[in-house]
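Visitor: sequence-free structure coming up:
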């Protein structure tokens, strides 16, 4: 069996799902074990169609659940080859047990997580609840804001994840529907250039090397478990970020497209800024520019890498700003939001006097409108003018009923 | 070509090269290790193995040691079958792409799991593997209880057995439900081969394992594994307990080919009363009280009915 290449145009009109499926095809994955779920289903369907049309040479295993999908990916990765899958929301929640197993066993797997709300109540639309559920699972998490990012970050994900010094699985996030189903122009790489960037898979501790049998997934108790977990954390804290930066640098040389661990927009002289993730970053940038015309020096910080958390990069990006809004698109359910907490932690012990407030928005696909962001930036400027946070520390944006605010 | 061992006698069998080391933490008298050795010794081909969480797993791969001289993987309780299915898929992919390091080998893919990991929590995963036609063998080490965690009931635990979550007590005779017929369920996936085996009938076992290795597609094996700890018998009596299990027909030995052709592979010359099988194990001790003796009668009737059913299926060739 052989496979044919596809001659792509320099710019194709793709939604985020198709961009991810095309990147997966170009990476010449050996095994995809997957289960369909909205809104990531078109990735799996797209990959299946490439296979049916002879553009892929590899195994495609349609399993009976997302738990089995990641279980099959783990077995395949341990056997020694390139592995990827895609999921969303409830399926991701079902996978959670195996996420920890994949990372703890140090297996490079790429997971396209098309972000969607978590039930109950059941909801198929985009928010970051599933992304947040995975944040302690020992995976690398990269964040796409648009279909172009979804395409590019898939290529980068394989390169980082499979590096023998890393050997950690990697999620590529994109917003359900807003990114996954919105078609935009996407600059492409040729099949050869994309595969050349990712490189051939180099096996390590592969079960299929019959001359060197290996034992995967051992038992450790109080005598060794802590050391294994500590070492994994160490590698996430110390080794991953430089590898991501190196991959970003290589990618820029190849394509001219520059990615950063933390994406700063108009931050050089900003007084106020929002920190957010996903498609909201693009909306916030547009509004920030409009705010400057109104005399408010607004900027935007987007996280490109969620895990490992860019602790120093965030602190550096926010060092001169006077008021910061952390935008969390997941219900914290009884706490400040994840981004609020992480940013507060990154800024504590620094010289900043910035005012930090948190906002919860967009749950279950609720739009974050430009009007919302105009009020938000205005509120931040009011904080700057008053020299203190004039609102509650945690507010909900765009929810019906009496205004919700806490802390 | 596959390479099956030619084994003439038990001595030759017991001294053949071992890919499962005696250095493990299983209980003295545990049948798991005997069954695993019998399976692994059936072939000289390379092996890719998995174990689901359970006795076999926690006793054979405690870091920094391993008892396995073949590639082995454990992920979790429910997904050992799918781990092997994933590895088998990778084998197929790399074979197609010409990237196998030793392309001339003919590896066998085997997942081991307890009855809890197969009949209960791993049921869906095994069903998926069987349905998708992976070239693999799933072997249940069936000791009819969650032995690794101290003896809780599973859906393989038979009626009247005292388990810690279905204990015999002042007003209870223990487990109330009949054992799930897993071999039939798996055969209903129309897989090429399903069989029940026992460690005491090692020739029958090896023949079935070799048959399983020789077919293309998924194979399901249910192996009775007498548990000295939870069945409560002397560790030296493991093989005796297996003899009682097969010769009382509580564990009849048979195979189902292509989901329909049933063959009984062992017919005891002298069938032992079920009562003797029950009496030899502490887990059934309470059944011998006067008020529960009717359960022993029902046990015998159930075993007789099942044996008659298997015979009818064999005769009918359906």
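Guide: Thanks, I have the structure now. In this text the structure is predicted, and so the values were computed from the model without any measurement.

Visitor: Give me the pLDDT for residue 200.
Guide: Went with chain A since none was named. At residue A:200, the model reports a pLDDT of 97.

Visitor: oops, I was thinking of chain B
Guide: Looking at residue B:200, its pLDDT is 97.

Visitor: who's in contact with residue 299?
Guide: Chain wasn't specified; assuming chain A. Residues near residue A:299 by Cβ atoms under 8 Å, 6 or more residues apart in numbering or on different chains: A:264-268, A:270, A:272-273, A:288, A:321. Just so you know, the C-beta spots here come from the backbone N, C-alpha and C atoms, and that holds for glycine as well.

Visitor: look at chain B instead
Guide: B:159-160, B:274-275, B:278.

Visitor: Setting aside sequence neighbours, what's the nearest residue to residue B:128?
Guide: residue A:64 (3.7 Å; Cβ to Cβ, 6 or more residues apart in numbering or on different chains).

Visitor: mind checking how far that neighbour is from residue B:131?
Guide: Look at residue A:64 and residue B:131: by Cβ to Cβ, to the nearest Å, they are 8 Å apart.

Visitor: Tell me who's in contact with the residue of the stretch 1-150 of chain A found nearest chain B.
Guide: As assessed by Cβ to the nearest Cβ, chain B sits closest to residue A:75 within the stretch 1-150 of chain A, at 2.6 Å. Counting by Cβ under 8 Å, 6+ apart, residue A:75 touches B:50, B:73, B:75, B:82-87, B:89-90.

Visitor: Go back to these and keep what's next to chain A.
Guide: Contacts with chain A within the contacts of residue A:75, counted by Cβ under 8 Å from any Cβ of the partner chain: B:50, B:73, B:75, B:82-87, B:89-90.

Visitor: Residue of the stretch 101-250 of chain B nearest chain A, please.
Guide: In the stretch 101-250 of chain B, the residue that lies nearest chain A is residue B:128 (3.7 Å; Cβ to the nearest Cβ).

Visitor: which SS class is that residue?
Guide: Using DSSP: H, G, I helix; E, B strand; the rest coil, the secondary structure recorded for residue B:128 is helix.

Visitor: That one contacts residue B:79, doesn't it?
Guide: No - using Cβ atoms under 8 Å, residue B:128 is not in contact with residue B:79; the gap is 9.9 Å.

Visitor: Now for those two: what residues contact both?
Guide: Counting by Cβ under 8 Å, 6+ apart, the shared contacts of residue B:128 and residue B:79 are residue A:68.

Visitor: ok, the two, which is more surrounded?
Guide: Neighbour count, other Cβ atoms under 10 Å in any protein chain shown: between residue B:128 and residue B:79, residue B:79 has more, with 36 against 24.

Visitor: Flag every residue of the stretch 1-150 of chain A that's near chain B.
Guide: A:1, A:30-31, A:33, A:57-59, A:61-65, A:67-68, A:71-81, A:83, A:97-98, A:101, A:105.

Visitor: change it to 6 Å
Guide: Counting by Cβ under 6 Å from any Cβ of the partner chain, the stretch 1-150 of chain A comes close to chain B at A:1, A:30-31, A:58-59, A:61, A:63-64, A:68, A:71-72, A:74-76, A:78-79, A:81, A:101.

Visitor: and what of the stretch 151-300 of chain A?
Guide: Neighbours of chain B within the stretch 151-300 of chain A, by Cβ under 6 Å from any Cβ: A:207-210, A:213-220, A:224.

Visitor: After the helix or strand in which residue A:290 is found, which helix or strand is next?
Guide: Assessed by DSSP states H and E, residue A:290 sits inside helix A:280-293. Per DSSP H and E, the first helix or strand lying C-terminal to helix A:280-293 is strand A:298-303.

Visitor: Can you list the strands that the helix or strand following that next one pairs with?
Guide: Downstream of strand A:298-303, the next assigned helix or strand under DSSP H and E is strand A:305-307. As defined by DSSP bridges, the strand partners of strand A:305-307 come to strand A:140-143 (antiparallel).

Visitor: and residue A:80, what does it touch?
Guide: When contacts are counted by Cβ atoms under 6 Å, 6 or more residues apart in numbering or on different chains, residue A:80 touches A:203, A:206, A:208.

Visitor: pLDDT, neighbour count and secondary structure for these - can I get that in a markdown table?
Guide: As requested, the contacts of residue A:80 are exported to a markdown table (pLDDT from 0 to 100; neighbours: other Cβ atoms under 10 Å in any protein chain shown; DSSP: H, G, I helix; E, B strand; the rest coil):
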| residue | pLDDT | neighbour count | secondary structure |
| --- | --- | --- | --- |
| A:203 | 97 | 20 | coil |
| A:206 | 98 | 22 | coil |
| A:208 | 98 | 24 | coil |
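
Visitor: export these to CSV and tack on distance to residue A:375?
Guide: As requested, these are exported to CSV (distance: Cβ to Cβ, whole Å):
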residue, distance to residue A:375
A:203, 54
A:206, 55
A:208, 58
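
Visitor: Closest one of those to residue B:226?
Guide: residue A:208 (34.8 Å; Cβ to Cβ).

Visitor: contacting residues for that closest one?
Guide: A:79-80, B:91.

Visitor: What separation is there between residue A:324 and residue A:314?
Guide: Taking Cβ to Cβ, one finds residue A:324 at 10 Å from residue A:314.

Visitor: which of the two has more neighbours?
Guide: Per other Cβ under 10 Å, whichever of residue A:324 and residue A:314 has more neighbours is residue A:324, with 28 against 22.

Visitor: Tell me the secondary structure of the residue lying closest to that one once chain neighbours are set aside, please.
Guide: Closest residue to residue A:324 apart from its sequence neighbours, by Cβ to Cβ, 6+ apart: residue A:356 at 4.9 Å. Following three-state DSSP, residue A:356 is assigned to strand.

Visitor: In this structure residue A:356 contacts residue A:323, no?
Guide: No - if you go by Cβ atoms under 6 Å, residue A:356 and residue A:323 don't touch, sitting 7.9 Å apart.

Visitor: Would you format the contacts of residue B:299 as a markdown table with distance to chain A, neighbour count and secondary structure included?
Guide: Below are the contacts of residue B:299 laid out as a markdown table (distance: Cβ to the nearest Cβ, whole Å; neighbours: other Cβ atoms under 10 Å in any protein chain shown; DSSP: H, G, I helix; E, B strand; the rest coil):
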| residue | distance to chain A | neighbour count | secondary structure |
| --- | --- | --- | --- |
| B:159 | 30 | 18 | coil |
| B:160 | 33 | 21 | coil |
| B:274 | 37 | 22 | helix |
| B:275 | 40 | 17 | helix |
| B:278 | 34 | 23 | helix |
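
Visitor: which of those lies closest to residue B:210?
Guide: residue B:274 (31.0 Å).

Visitor: what about that closest one, distance to residue B:251?
Guide: Taking Cβ to Cβ, one finds residue B:274 at 11 Å from residue B:251.

Visitor: Tell me where the chain has helices.
Guide: Since you didn't name a chain, this refers to chain A. Along chain A, the stretches classed as helices by DSSP state H are A:16-26, A:41-52, A:66-79, A:89-104, A:129-133, A:147-161, A:191-198, A:225-238, A:240-255, A:280-293, A:311-317, A:338-347, A:370-386.

Visitor: Let me rephrase: I mean chain B.
Guide: B:10-14, B:31-40, B:55-60, B:80-97, B:115, B:123-132, B:182-187, B:202-214, B:238-247, B:274-279, B:293-316.

Visitor: Residue A:42 reaches residue A:16, doesn't it?
Guide: No - Residue A:42 lies out of contact with residue A:16 (Cβ under 6 Å); the separation is 9.1 Å.
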